[in-house]
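Undergrad: Pasting the sequence and the predicted coordinates here, then a few questions.
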Amino acid sequence: MKKIYLLLFLFFITSDVEAQPRRSIFLNTGYSFNNSLQINNGKVKNSRGYVITFGGALRLFSFKKNYVSLGIAGKTIFSSGSRNGEKFNASTVRFVFPLRITLPLTEQWRVSTGFNFQNNLDFLDPDFRLGYRYLWRVDYSAGMKYLLTNQWSLTANADFNIRNMSDAFFLNDPKFSVLIGIEKRFHKRRKTKK
């Protein structure tokens, strides 16, 4: 554990902290799916969903042209499938906290990698427990950004769950998702001296 603290300390020491952090908002949408699910010895077929995510991110710090950002977003999933010949539909709202490292490939192309942390249980669920083992879902995310202008980007991401959980958790939010979207960055304007 001490090695992790040492590595984090060295990482933060060697990076530039931005005095005026850049903020951005993003909107993405896409398709989510499961390969195969088993619920109570019954196979779930055609388990998939449509995802819409809207939120914002804050650039925490940068080093050279790479940067780390943390965000908060709302995620809506419209899922469907069938089990034992019966079809089901579900809609779910989740909070997502994306943590990303973004690296430049060229002047216009960026690659990003990181994790999405999100609540796995509904906040309004009467059985909501803070100490519950599967309260949080963790998805690994890899993506690309194409800079259209200085402020606008097109984005593409692929996310997949990395936690070992019961298949029942993936009925309303499938394991894999492919998303495309847009992002707008906001730069703090500097006052010009007269």
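TA: Yep, it's here. Residues are numbered from 1 along each chain as shown.

Undergrad: How far away from the center of its chain is the longest strand anywhere in the chain?
TA: Ordering each strand of the chain by length in residues (DSSP state E) puts strand 42-63 first. In terms of Cα atoms, centre = their mean, to the nearest Å, the centre of strand 42-63 is found 5 Å from the chain centre.

Undergrad: Just the buried positions in that strand, please.
TA: For strand 42-63, the neighbour count (16 or more other Cβ atoms under 10 Å) marks 44, 47, 49, 51, 53, 55, 57, 59, 60, 62 as buried. Yep, even glycine has a C-beta here, placed from its N, CA and C like the rest.

Undergrad: Surely the fourth one and residue 179 touch.
TA: Yes. Using Cβ atoms under 8 Å, residue 51 makes contact with residue 179 at a distance of 6.5 Å.

Undergrad: okay, and the common contacts of those two?
TA: Residues touching both residue 51 and residue 179 (Cβ atoms under 8 Å, 6 or more residues apart in numbering) are 28, 29, 30.

Undergrad: just these now: which is nearest residue 153?
TA: Using Cβ to Cβ, residue 28 is the member of the shared contacts of residue 51 and residue 179 that sits closest to residue 153, with 11.1 Å.

Undergrad: Hmm, residue 180 and that closest one touching each other?
TA: Yes. Look at residue 28 against residue 180 with Cβ under 8 Å: they come within range, at 6.3 Å.

Undergrad: More neighbours: which of the two?
TA: Comparing residue 28 with residue 180 by other Cβ atoms under 10 Å, the one with more neighbours is residue 28, at 22 against 13.

Undergrad: packing partners for the helix or strand harbouring the more buried one?
TA: Using DSSP states H and E, residue 28 sits within strand 23-33. Packing partners of strand 23-33 (3 or more Cβ pairs under 8 Å, 6 or more residues apart in numbering; DSSP states H and E): strand 42-63, strand 66-83, strand 152-161, strand 176-186.

Undergrad: from the chain's centre, how far out does that strand sit?
TA: Using Cα atoms, centre = their mean, the mean C-alpha position of strand 23-33 is found 8 Å from that of the whole chain.

Undergrad: what angle do it and strand 176-186 make?
TA: Angle between the axes of strand 23-33 and strand 176-186 is 170 degrees (criterion: axes from the mean of the first three to the mean of the last three Cα atoms, to 10 degrees).

Undergrad: Can you list the strands that strand 23-33 pairs with?
TA: Here strand 23-33 is paired, per DSSP bridges, with strand 42-63 (antiparallel), strand 176-186 (antiparallel).

Undergrad: By mean pLDDT, show me the worst of those.
TA: Lowest mean pLDDT of these: strand 42-63, a mean of 91.
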